[in-house]
Structures are given as structure tokens and as C-alpha cells.
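S.K.: pasting the sequence and the predicted model now:
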Amino acid sequence: MTAATPIVQAPIVQARGIHKHFGALHVLKGVDLVVAERELVFVIGPSGSGKSTLLRCLNRLEDPSGGSITVDGIDMLDRGTDINKARQRIGMVFQSFNLYPHMTALGNVALALRKVLGLDRPAAEARARAALERVHLADRAGHYPGQLSGGQQQRVAIARAIALEPRVMLFDEPTSALDPELVGGVLAAMRELRESGMTMVVVSHEMGFAKAAADRVIFMDDGRILEQGPPAAIFGNPQHERTRAFIGQIERH
Ligand SMILES: Nc1ncnc2c1ncn2[C@@H]1O[C@H](COP(=O)(O)OP(=O)(O)OP(=O)(O)O)[C@@H](O)[C@H]1O
């Protein structure tokens, strides 16, 4: 009997030695982040520690000052890389939903497909409808953003991103702008996405979600990854004093 050959999957995200300066401000001080396929990595840390900047470097919304980044095997920092094409593999959801107010939910999702993938209207709308179904908003397809709650608008933004079938999704504080009662619906949509096998990097203060859904929690402090591990280890037995202090502070609120 021959042993089965193990399938070795390349990581989806490989960021090594990332530095970022904003003028004299040294915001990222040599960050390594490797994310495996289907992994959910959750990033926590004090305000200003560089979480958003790290996320934004991964898809080149910010240009790192140094280091290397590949996403799905594509060198994101190579001058020869078509960055718009590379970004199609990276979905991003922000704190603000950024929907066009004069277009319906369906129109917003379909527009991304028409603009980015060049699909014609019927094909874009069919795919947009399927994406809205995945976030349980098929029945709101004809509603305008102003007719939707903040949580529903954020789920439309998630649908817009997943409709492009990215290889990884980046979430930058996706629930921070929402009233507390609307947070659960967005986290549920993220949870389902994770269960469908999406690779995700999430910056958020929703520690309950991290404990329940993350494979790995990263604690950032002053532009560095100070500590990382499974949620039970980071929340239950943090090794660094600063991690302990941060988690203690969060859990008191
Ligand atoms: N475009 C920019 N120009 C100048 N400074 C910036 C810029 N973007 C971020 N910074 C600074 O970089 C530092 C890190 O910001 P970043 O938003 O990455 O932190 P964060 O950990 O995500 O914080 P928060 O939890 O408050 O969102 C902060 O001091 C911020 O003021």
C-alpha cells in the first residue's frame, strides 16, 4: 500500500517583514503575516497599533515602505503586477458601507460585477442575486440603501465583495458603525462565509466573534505582532503583560 501524497496548499497570504512609514511615523515595524487557505485570522490591538494599515497594505490601498507580499501567489509589490486585476482576488469590507444611494441593493452588487469583471447586465444581475441570497437579502434586492438598516447595508457590501469570488476577504472594523442590535446579523453573515470555506482576515473589537469563529488571534502592539495563537490561548492565557492589559481592559467594558 502506498501512502497518500499529502496535499500541500500554499498560503493564500504571505506578508513578510512589512514596514510602513507615514512621514516620520513608523507605523508597521516588520510584520510577518501568513494566512492559510480557509483560515480566519482575527487581529486585535490598541488604537493606533497599525491593524488597519496592515490590512490596507495587503491589497495595496497603502504602499508598504518595505517587505514582501504575495496573495494567491501574486506578488503584490512587483511593478509588473496588474494591481487592479490582483485586487479582484481580495475582497474588502470597511466600517462604512460605501453603497451608491441612488442604486438598489441589486444594482450596487451588479455594478461591481459589470465594472470589475465586465459582465453584461443580465449576467451581472444573476450573479448579484445569488450573492445577496448568501447574505439572506434576496428579498431586499430592489431596496435602496436608504430603505435598509445599517446592518443590511453592510451585508450588501459583503455581497458585493463575495460576488467577485475573491480568494481572501479582509474586514476592517465591519460592525463599528452599527447600532448594537444590528451587529449580530453582520457577524452571522461573516460566520456563514467562514463556514463556506472563505479565507478571512478580520480587524474588529468583537471579541465574542473572535472566540467563537477565529482560528488564530493576533495581538498587535506599536506596529508589531506581539503575540498570536488560538483564541483560547490568547484570551485565556496571554503571555505578554501588554496583551493581558489590553484583553483585561476590553473585557471590563
Ligand atoms: N494615511 C495616513 N497618514 C498618516 N498617518 C496615518 C495614516 N493612516 C494611519 N496613520 C497613522 O498610523 C497609525 C496606525 O493607524 P491604524 O489605523 O493602522 O491603527 P489601528 O490599529 O487600526 O487603530 P484603530 O483601532 O484606532 O483603527 C496611527 O497613528 C494613525 O494615525
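M.R.: Cool, the structure landed.
S.K.: correct me, but residue 28 touches residue 64?
M.R.: Yes. Counting by C-beta atoms under 8 Å, residue 28 touches residue 64, with 7.1 Å between them. For glycine as for every other residue, the C-beta is placed from the backbone atoms N, C-alpha and C.
S.K.: looking at those two, which is more packed in?
M.R.: residue 28 (28 against 23; other C-beta atoms under 10 Å).
S.K.: residues contacting that one?
M.R.: By C-beta atoms under 8 Å, 6 or more residues apart in numbering, the contact list for residue 28 reads 18-20, 50, 53-54, 57, 64, 223.
S.K.: identify the contacts common to residue 28 and residue 64.
M.R.: Contacts common to residue 28 and residue 64, judged by C-beta under 8 Å, 6+ apart, are 18-20, 57.
S.K.: can you tell me which of those residues end up in helices?
M.R.: Using DSSP state H, the members of those that fall within helices are residue 57.
S.K.: what's the farthest-apart pair in the shared contacts of residue 28 and residue 64?
M.R.: Greatest spacing in those, by C-beta to C-beta: 19 and 57 (9.4 Å).
S.K.: and for those two, which residues touch both?
M.R.: 28, 64.
S.K.: the two: who's more crowded?
M.R.: Taking other C-beta under 10 Å, residue 19 and residue 57 do not tie; residue 57 has more neighbours (26 against 16).
S.K.: ok, so what distance separates that one from residue 203?
M.R.: Separation of residue 57 from residue 203 (C-beta to C-beta, to the nearest Å): 12 Å.
S.K.: what does residue 11 give?
M.R.: According to C-beta to C-beta, residue 11 and residue 203 sit 19 Å apart.
S.K.: more neighbours, these two?
M.R.: Each of residue 11 and residue 203 has its neighbours counted (other C-beta under 10 Å); residue 203 has more, 23 against 17.
S.K.: so what sits opposite that one in the bridge?
M.R.: Judged by DSSP bridges, the bridge partners of residue 203 are residue 43, residue 172.
S.K.: ok, it to residue 108 distance?
M.R.: 23 Å.
S.K.: for residue 70, same thing?
M.R.: For residue 70, the distance to residue 108 (C-beta to C-beta) stands at 30 Å.
S.K.: residue 41 now?
M.R.: Remark: distance between residue 41 and residue 108 (C-beta to C-beta) = 28 Å.
S.K.: and for residue 65?
M.R.: In terms of C-beta to C-beta, residue 65 sits 34 Å off from residue 108.
S.K.: who's more crowded, those two?
M.R.: The neighbour comparison of residue 65 against residue 108 (other C-beta under 10 Å) goes to residue 108, with 24 against 14.
S.K.: Three-state assignment for the closest residue to that one other than its chain neighbours, please.
M.R.: Distances taken as C-beta to C-beta, 6 or more residues apart in numbering place residue 99 nearest to residue 108, at 4.9 Å, with adjacent residues excluded. Following DSSP: H, G, I helix; E, B strand; the rest coil, we place residue 99 in the coil state.
S.K.: residue 234 too?
M.R.: Classified using three-state DSSP, residue 234 is helix.
S.K.: need the pLDDT of it.
M.R.: If you check residue 234, the pLDDT there is 96.
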